[in-house]
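In: this is the structure alone, sequence omitted:
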RNA sequence: GGUCGCGUAGCUCAAUGGGAGAGCGCCGGAUUGUAUAUCCGGGUGUUGCGGGUUCGAGUCCCGUCGCGACCGCCA
């Protein structure tokens, strides 16, 4: 890019690798210099926690706030009520109002840790598009907004085209989704003076729609900026760990397991992730990412510590690291391992080892636990298990037991 | 509302009324550095659900749910 940004925000975005595309790089740069710019990112309320895939965008908002912008986190309370039909697994009930509310509450926990909300000029706003979508009048909406959308053009969008090409049904509901999102941007501009929408590069089309709509209806010039779709260097989608999503809420994924996810980053991604997910100086990130061989493990520990500290606090990060050292370097057990606590009542006369693996989350089913034992991947206090029928009696639990599935996954079992 | 088609592993899909399978993913082991790559091992399943026919049903029949296509109603 020939143009050199003058604003701190765009400079950071460019330096750290956040920038995929921008509708008007220079125009946005000048707007950012001229004053406090409100910018938003939208989030669907389909799950009760955000996952790692969302983290990059939240980091963008964090940088945006640090460099003098006003972030807006827009919860899709209204659009989720309609339901995003693109994930059409058979018996997924449409989310009701209560479920959406509780999902939004769950997500707020994460935002509050990374972004400062309040009433000050650069304090962030938490909004919900139900605020303007719930009360929409259908005829008015069609007349004022619908007339600006060309169906011919909408049909040319890749998201729509691929569905039609495969002769899959596309409901009118889903067809309207992009219009509602464009309308969000318009309302945010009208109500809050929002000048910028950011999002993953898959949102480019939707963002541009919002910009066009706002130009036509309000004659305001606003901007869009997208971040690259994050994949690991071997081309796989990022964000899975041990078969589950990497949630950002501590009650859905413990800080220790979150820490492990980052600790296990591929060599080639370490430098990139340091720049995207930590706030260490760029030069430091480059230096750490360039380490080779076993030395780069130190960089991965720093990465894990920094990201975990941002999200769960420095204490949680330190505890996770201490446990990791204890478990992997000394072969012991740390306090921070996932722990299954059993009451004397639950335990009764004892419990089978298979049940313990299932209850502790190391195996998804009894069958899986038995297979694990048969393959020699299951260990009790670091001794390989051979007998799937092993029964643990209460007095064996006087001291906490350490269960292991494979080399990396461990859990403690103790009496409550 | 009617007619037809589809529903099998996490995903994409196979399987004359006769042994539930493949690729990818996933899990374990070796090698290693708690990473990649490589090698070895593991099929991970309520065949949407409920009945029936049959010695035997993923397969045939009835019902039901979900998805889709076409037709009708409306325009």
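Out: The structure has been received and is ready for your questions. It should be emphasised that the depicted structure is a prediction, and the values quoted were computed from it without experimental measurement.
In: what separates residue A:391 from residue A:401, distance-wise?
Out: As judged by C-beta to C-beta, to the nearest Å, residue A:391 and residue A:401 stand 13 Å apart. Glycine gets a C-beta too; all of them are placed from N, C-alpha and C.
In: the more surrounded of these two?
Out: Higher neighbour count among residue A:391 and residue A:401: residue A:401, with 19 against 13, using other C-beta atoms under 10 Å.
In: next up, the contacts around the nearest residue to the more buried one once chain neighbours are set aside.
Out: Closest residue to residue A:401 apart from its sequence neighbours, by C-beta to C-beta, 6 or more residues apart in numbering: residue A:413 at 4.7 Å. Each residue near residue A:413 by C-beta atoms under 8 Å, 6 or more residues apart in numbering is listed here: A:339, A:340, A:341, A:342, A:356, A:360, A:397, A:400, A:401, A:402, A:403.
In: likewise residue A:288?
Out: Contacts of residue A:288 by C-beta under 8 Å, 6+ apart are A:270, A:271, A:274, A:280, A:296, A:298, A:299, A:302, A:303.
In: quick check: ChimeraX command selecting the buried ones in the residues you listed.
Out: Buried members of the contacts of residue A:288, defined by 16 or more other C-beta atoms under 10 Å, are picked up in ChimeraX with:
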select /A:270,271,274,280,296,299,302,303
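In: which ones, among the contacts of residue A:288, also lie beside RNA strand B?
Out: Among those, the residues that sit close to RNA strand B (C-beta under 7 Å from any atom of the strand) are residue A:296.
In: in the contacts of residue A:288, find the pair that's most separated.
Out: Greatest spatial distance among the contacts of residue A:288 (C-beta to C-beta): A:280 and A:296, at 15.0 Å.
In: what about residue A:124, distance to RNA strand B?
Out: As judged by C-beta to the nearest atom of the strand, to the nearest Å, residue A:124 and RNA strand B stand 34 Å apart.
In: and that residue, how many neighbours does it have?
Out: Each residue near residue A:124 was counted by other C-beta under 10 Å, and the total is 24.
In: thought it was touching residue A:71?
Out: Yes: between residue A:124 and residue A:71 there is a contact at 4.3 Å, judged by C-beta atoms under 8 Å.
In: overlap of the contact sets of these two?
Out: By C-beta under 8 Å, 6+ apart, residue A:124 and residue A:71 have these common neighbours: A:61, A:65, A:115.
In: which residue comes closest to the first one once chain neighbours are left out?
Out: It stands for residue A:61. Of all residues not flanking residue A:61 in the chain, residue A:71 sits nearest, at 4.2 Å (C-beta to C-beta, 6+ apart).
In: doesn't the one you found belong to a strand?
Out: Yes: under DSSP: H, G, I helix; E, B strand; the rest coil, residue A:71 sits within a strand.
In: how many neighbouring residues does it have?
Out: For residue A:71, the neighbour count with other C-beta under 10 Å is 27.
In: lowest-confidence helix or strand of chain A?
Out: Using mean pLDDT, DSSP states H and E, strand A:240-241 stands out as the lowest-scoring helix or strand of chain A, at a mean of 58.
In: what ranges in the stretch 101-250 of chain A fall below the confidence cut-off?
Out: For the stretch 101-250 of chain A, the stretches with pLDDT under 70 are A:162-169, A:231-244.
In: pull the number of nearby residues for residue A:396.
Out: Residue A:396: 13 neighbours (other C-beta under 10 Å).
In: roughly how far apart are the nearest residue to residue A:14 once chain neighbours are set aside and RNA strand B?
Out: Nearest residue to residue A:14, sequence neighbours excluded (C-beta to C-beta, 6+ apart): residue A:5, at 6.4 Å. Distance of residue A:5 to RNA strand B, computed by C-beta to the nearest atom of the strand: 33 Å.
In: how about the residue nearest to residue A:405 when sequence neighbours are not counted, secondary structure?
Out: In this structure, residue A:405 finds its nearest non-sequential neighbour in residue A:362, 4.1 Å apart by C-beta to C-beta, 6+ apart. At residue A:362 the chain is in coil, as set by three-state DSSP.
In: list the contacts for residue A:362?
Out: With contact taken as C-beta under 8 Å, 6+ apart, residue A:362 is in contact with A:369, A:372, A:403, A:404, A:405, A:409, A:411.
In: mind listing the helices for the stretch 301-416 of chain A?
Out: Taking DSSP state H, counting those that start in this stretch as the test, the helices found in the stretch 301-416 of chain A are A:314-324, A:344-347, A:353-359, A:366-374.
In: select, out of those, the one closest to RNA strand B.
Out: Evaluated with C-beta to the nearest atom of the strand, those place helix A:314-324 nearest to RNA strand B, the distance being 3.0 Å.
In: how near is residue A:290 to residue A:268?
Out: 11 Å.
In: and residue A:262, by the same measure?
Out: Relative to residue A:268, residue A:262 is positioned 15 Å away (C-beta to C-beta).
In: quick one: which of those two has more around it?
Out: residue A:262 (26 against 12).
In: which parts of the stretch 301-416 of chain A sit against RNA strand B?
Out: Taking C-beta under 7 Å from any atom of the strand as the contact definition, the stretch 301-416 of chain A meets RNA strand B at A:324-325, A:327-328, A:365, A:367-368, A:371-372, A:375-377, A:405-409.
In: what do you get if the cut-off is 6 Å, keeping everything else the same?
Out: Proximity of the stretch 301-416 of chain A to RNA strand B (C-beta under 6 Å from any atom of the strand) is limited to residues A:324, A:328, A:367, A:371-372, A:375-377, A:405-409.
In: which of these scores worst on pLDDT?
Out: Lowest pLDDT of these: residue A:367, 86.
In: in the stretch 1-150 of chain A, which spans are strands?
Out: Per DSSP state E, counting those that start in this stretch, the stretch 1-150 of chain A carries strands over the ranges A:21-22, A:38-43, A:70-75, A:125-128.
In: taking strand A:38-43 as reference, get the angle to the third one.
Out: Between the direction of strand A:70-75 and that of strand A:38-43, the angle (axes from the mean of the first three to the mean of the last three C-alpha atoms, to 10 degrees) works out to 20 degrees.
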